[in-house]
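Asks: with the sequence up front, the predicted model follows.
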Amino acid sequence: FGHVSSTILLCPYGIAVSYINHSRRRPNVAIRWTPNHELSQLDWSFTQSPLRLADHRNITLSMDYVAIRDIKKDEEVVIDYGKAWDQAYKGHSRQQLQPLAVSVEKYNHQPVLLTEAEQQTLPYPINLGLQCHSNILDSPMQFVNKDLWKKSSIGYDCQILERYQHPEHPQVTVYAVRMMVKDTFRSLGGVPRDYVRFVEKEVGEVPFRFPMQLPDKMVPNAWRDAK
């Protein structure tokens, strides 16, 4: 379980809980924090940051699956995975149906890049990936550098985390990115559009992975650290 406002990711374990399917329209159970479980430390957990919780090795949280309406005999038990999960799954399904013959050049001429959050509802074609130019790690970046990729085509796979106006040059749009550099994620801000390009990638069966969403009322303010 996760939440769009938090970097926390909870992986509960218990008998059969991993087999409860999703229903946005008509769920019959919902999750609730267990108030009096002997191992739970809810009051303490709700005041800790996700990073602090990640360092804690003991069980401090417990949740119940509670019926929210009458469940008929032989009716499947289903839960609402949340709006964000539902939108992400629909975006993934649409992406799978898109034709693969998509021009890389067409997308490289687009002036605006979509963030990871925006791609959940407006996904890029599955045969396209993003790369950030290697120069952003060791050279000053220029706002306009149209010949950059002609001089060197070395790039790192990357994701667009945020799009914003440069604080000192508000007429310029820049990006916060996350790159995979030698098997390690690197994050960097202030990246101009010319330093990011689309590339073709091999397409196989693309699995769908997105955390089920905790209901808003179950997420304390201390956990809401996502920008």
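Replies: Received the coordinates, thanks.
Asks: how close does residue 44 get to residue 220?
Replies: 11 Å (Cβ to Cβ, to the nearest Å). C-betas here are computed from N, CA, C, even on glycine.
Asks: repeat that for residue 170.
Replies: In terms of Cβ to Cβ, residue 170 sits 35 Å off from residue 220.
Asks: residue at max distance from the center of this protein?
Replies: The centre of the chain is farthest from one residue, residue 73, which by Cα atoms, centre = their mean lies 37.2 Å away.
Asks: ok, residue 62 touching residue 40?
Replies: Yes. Counting by Cβ atoms under 8 Å, residue 40 is a contact partner of residue 62 at 4.6 Å.
Asks: find the residues that touch each one of the two.
Replies: Both residue 62 and residue 40 are contacted by 33, 34, under the criterion Cβ atoms under 8 Å, 6 or more residues apart in numbering.
Asks: who has more neighbours, residue 170 and residue 220?
Replies: residue 220 (13 against 9; other Cβ atoms under 10 Å).
Asks: chain neighbours aside, what residue packs nearest to that one?
Replies: Leaving aside its sequence neighbours, residue 220 sits nearest to residue 46 (Cβ to Cβ, 6 or more residues apart in numbering; 4.0 Å).
Asks: residues contacting that neighbour?
Replies: Residue 46 sits next to 220, 222, 223 when contact means Cβ under 8 Å, 6+ apart.
Asks: by contact count, what packs against the strand ranked longest in the chain?
Replies: In the chain, ranked by residue count with DSSP state E as the criterion, the top strand is strand 155-165. Here strand 155-165 touches helix 116-119, strand 128-133, strand 173-181, strand 184-192, strand 196-200, going by 3 or more Cβ pairs under 8 Å, 6 or more residues apart in numbering; DSSP states H and E.
Asks: can I get these in CSV including mean pLDDT and mean neighbour count?
Replies: CSV is the format used below for those (pLDDT from 0 to 100; neighbours: other Cβ atoms under 10 Å):
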stretch, mean pLDDT, mean neighbour count
helix 116-119, 90, 14
strand 128-133, 93, 22
strand 173-181, 93, 18
strand 184-192, 91, 14
strand 196-200, 93, 18
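Asks: reformat the ones you listed as CSV; add distance to residue 35.
Replies: Listed next are the helices and strands packed on strand 155-165 as CSV, based on distance: least, Cβ to Cβ, whole Å:
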stretch, distance to residue 35
helix 116-119, 33
strand 128-133, 45
strand 173-181, 38
strand 184-192, 37
strand 196-200, 48
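Asks: closest one to residue 215 among the ones you listed?
Replies: Among the helices and strands packed on strand 155-165, the nearest to residue 215 by Cβ to Cβ is helix 116-119 (19.5 Å).
Asks: and that closest one, what other elements does it pack with?
Replies: strand 155-165.
Asks: partners of the strand it packs on, with directions?
Replies: strand 128-133 (antiparallel), strand 173-181 (antiparallel) (DSSP bridges).
Asks: and the longest strand of the chain, what's its mean pLDDT?
Replies: Mean per-residue pLDDT for strand 155-165: 94.
Asks: so which bits of it are buried?
Replies: By neighbour count on 16 or more other Cβ atoms under 10 Å, the buried set for strand 155-165 is 155, 156, 158, 159, 160, 161.
Asks: how about stretch 22-33?
Replies: Buried residues in stretch 22-33, counted by 16+ other Cβ under 10 Å: 23, 27, 28, 29, 31, 33.
Asks: and the pLDDT at the first one?
Replies: Reading off the confidence values, residue 23 has pLDDT 94.
Asks: against residue 133, how distant is it?
Replies: 45 Å.
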